[in-house]
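S.K.: no sequence on hand, only this structure:
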């Protein structure tokens, strides 16, 4: 069964498996002890740290291993803010950061700190000038991901790092998605990553704090990992994580070129194979194996299940697959369509034949879901009978509000309006996105007795 969800967790690399099994016999002892078993474990830990530091491009004594990438992010943000508390309590993040960063930022704000969220464009890219504009005298820390986990867009980290360094502000980079492909460029100050993103075992993260960066670890003091990650670490998993990082780096250049060709094939052919599709994310500055698109008139959860039944494991940022029933914060920040969202993230080694089979299966899967939802096959032509119509979609989840809008837009004359009543949060994003895709005018929203009224003016 083709697995196309490597951005969530990459399959365990064969080198990681070998290193894990071997170190289970050699790395079980406490590396802080002086006896023979402890010294043997310490040698394994030191070798893993040196290998990981070489891959990151930092000194071994700047890198510590953590229980997860999320732990590294939370510890890095908390420690950097505490180390610069005399400067102030202002934190800068992009609006498309991973939820681990945003959760840490929200906790900081709830504790009395101040927070600036930097917006992105429709490709999901931040403007480095926006980071410069967000800097204040009391800015303690800025955060910027190296590449987005949902749409694959790479961020201008080096430019942002130069801006922050000139202002004397450290930049923390979430490099979880990109570190397996190469080191993060620029004069960043802190970096976090997670081994299961590059084919290492789950339960291992890494945190880098470059020399000269003010940092005060939070929580009780601990003698392990420079006090930045307390507790007895999972040494066999750490060894496997470092070994797999070195292995994927050795294959990265060749595999990146091959996966870029495959994802470009998906980007180009999906809009031709499936009507009413928006491919999102930067078309050039993006991760090699990630391509994301959204389909109008499609329930994301239903499409995921349909593809799963057809033998393809994919992911989605659609609100229709979320327990919160709200659109992905990434897609919302980009202002793109969220319904029927599919993220294809290819692991290294993906055969071209699997991508071709996916492209052959996708049109039928989308058509089947649309048919079950009663989606229109095409917008009705001119010949409207009323200057204004009301669509009552209260209590109905995406993509039903947009489907109902598409069914009636042809019933109003050019210049007429449709008023869509909806209480699904996704409608706030998907109705404007539908208007842009179909050449109609989104005239804004207004309060209603229940939910919100979204106004659409017919232009074509």
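M.R.: Everything's here; your move. Note that the structure is predicted; figures quoted are calculated from it, not measured.
S.K.: so what's the residue nearest in space to the middle of the chain up against?
M.R.: Central residue of the chain (Cα atoms, centre = their mean): residue 149, 2.2 Å from the mean position. Contact analysis of residue 149 by Cβ atoms under 8 Å, 6 or more residues apart in numbering lists 7, 98, 176-177, 330. No exception for glycine: its C-beta is placed from N, CA and C like everyone else's.
S.K.: those: which two are farthest apart?
M.R.: 176 and 330 (14.2 Å; Cβ to Cβ).
S.K.: pull the number of nearby residues for residue 110.
M.R.: Applying other Cβ atoms under 10 Å, we find 9 residues neighbouring residue 110.
S.K.: then residue 454?
M.R.: So residue 454, with other Cβ under 10 Å, has 28 neighbours.
S.K.: who does whatever helix or strand it lives in pair up with?
M.R.: Counting by DSSP states H and E, the element that carries residue 454 is strand 452-457. Here strand 452-457 has these sheet partners by DSSP bridges: strand 417-422 (antiparallel), strand 441-447 (antiparallel).
S.K.: what mean pLDDT does that strand get?
M.R.: Per-residue pLDDT over strand 452-457 has a mean of 94.
S.K.: would you mind listing the buried residues in it?
M.R.: For strand 452-457, the neighbour count (16 or more other Cβ atoms under 10 Å) marks 452-457 as buried.
S.K.: in TSV, list the strands paired with strand 452-457 along with mean neighbour count and distance to residue 243.
M.R.: Below are the strands paired with strand 452-457 laid out as TSV (neighbours: other Cβ atoms under 10 Å; distance: least, Cβ to Cβ, whole Å):
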stretch	mean neighbour count	distance to residue 243
strand 417-422	23	51
strand 441-447	13	52
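S.K.: mind naming the longest helix for this protein?
M.R.: helix 235-273 (DSSP state H).
S.K.: just to revisit the earlier point, list the contacts of the strand holding residue 454.
M.R.: For strand 452-457, the surrounding residues in contact (Cβ under 8 Å, 6+ apart) are 401, 405, 409, 415-423, 427-428, 431, 435, 440-447.
S.K.: centre of the chain versus that strand, how much separation?
M.R.: Computed by Cα atoms, centre = their mean, to the nearest Å, the chain-centroid distance of strand 452-457 equals 30 Å.
S.K.: ditto for stretch 130-139
M.R.: A distance of 24 Å separates the centroid of the chain from that of stretch 130-139, by Cα atoms, centre = their mean.
S.K.: can you give me the end-to-end span of that stretch?
M.R.: End-to-end distance of stretch 130-139 (Cα to Cα, to the nearest Å): 14 Å.
S.K.: domain map for this protein?
M.R.: For the chain, the structural domains run 14-248, 253-373, 388-457, going by automatic domain parsing.
S.K.: closest one to residue 3 among those domains?
M.R.: Across the domains of the chain, closest to residue 3 is domain 253-373 (Cβ to Cβ), at 4.8 Å.
S.K.: quick one: low-confidence parts of the protein?
M.R.: 318-325, 377-386 (pLDDT under 70).
S.K.: what residues does residue 237 make contact with?
M.R.: For residue 237, the contacting residues are 20, 195, 200-201, 203-204, by Cβ under 8 Å, 6+ apart.
S.K.: returning to what we had before: any chance of the strands paired with strand 452-457 in TSV, plus distance to residue 289?
M.R.: Output for the strands paired with strand 452-457, formatted as TSV (distance: least, Cβ to Cβ, whole Å):
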stretch	distance to residue 289
strand 417-422	35
strand 441-447	34
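S.K.: show me where the chain has strands.
M.R.: 63-66, 90-94, 114-118, 139-143, 171-174, 190-194, 205-209, 277-280, 290-295, 341-345, 388-392, 417-422, 441-447, 452-457 (DSSP state E).
S.K.: show the contacting residues for residue 64.
M.R.: With Cβ under 8 Å, 6+ apart, residue 64 has these contacts: 206-209, 225-226, 228-229.
S.K.: if you rank those by neighbours, which is first?
M.R.: Neighbour counts for these (other Cβ under 10 Å) peak at residue 206, which has 31 neighbours.
S.K.: is that residue in contact with residue 62, as I believe?
M.R.: No: using Cβ atoms under 8 Å, residue 206 is not in contact with residue 62, being 10.3 Å away.
S.K.: now do the shared contacts for these two.
M.R.: Contact criterion Cβ under 8 Å, 6+ apart; residues shared by residue 206 and residue 62: none found.
S.K.: out of the strands of the chain, nearest to residue 26?
M.R.: Comparing the strands of the chain by Cβ to Cβ, strand 63-66 comes nearest, at 16.9 Å.
S.K.: which residue comes closest to residue 96 once chain neighbours are left out?
M.R.: Ranked by Cβ to Cβ, 6 or more residues apart in numbering and with sequence neighbours excluded, the top spatial neighbour of residue 96 is residue 330, at 4.7 Å.
S.K.: likewise residue 112?
M.R.: In space, residue 112 comes closest to residue 89 once its chain neighbours are excluded; the distance is 6.9 Å by Cβ to Cβ, 6+ apart.
S.K.: can you get me a residue count around that neighbour?
M.R.: Neighbour tally, residue 89, other Cβ under 10 Å: 18.
S.K.: would you mind measuring from it to residue 374?
M.R.: Plainly put, residue 89 is 52 Å away from residue 374 if you go by Cβ to Cβ, to the nearest Å.
S.K.: same check on residue 340?
M.R.: Counting by Cβ to Cβ, the separation of residue 340 from residue 374 is 15 Å.
S.K.: which of those two has more residues huddled nearby?
M.R.: Set residue 340 next to residue 374 and count neighbours by other Cβ under 10 Å: residue 340 wins out with 31 against 11.
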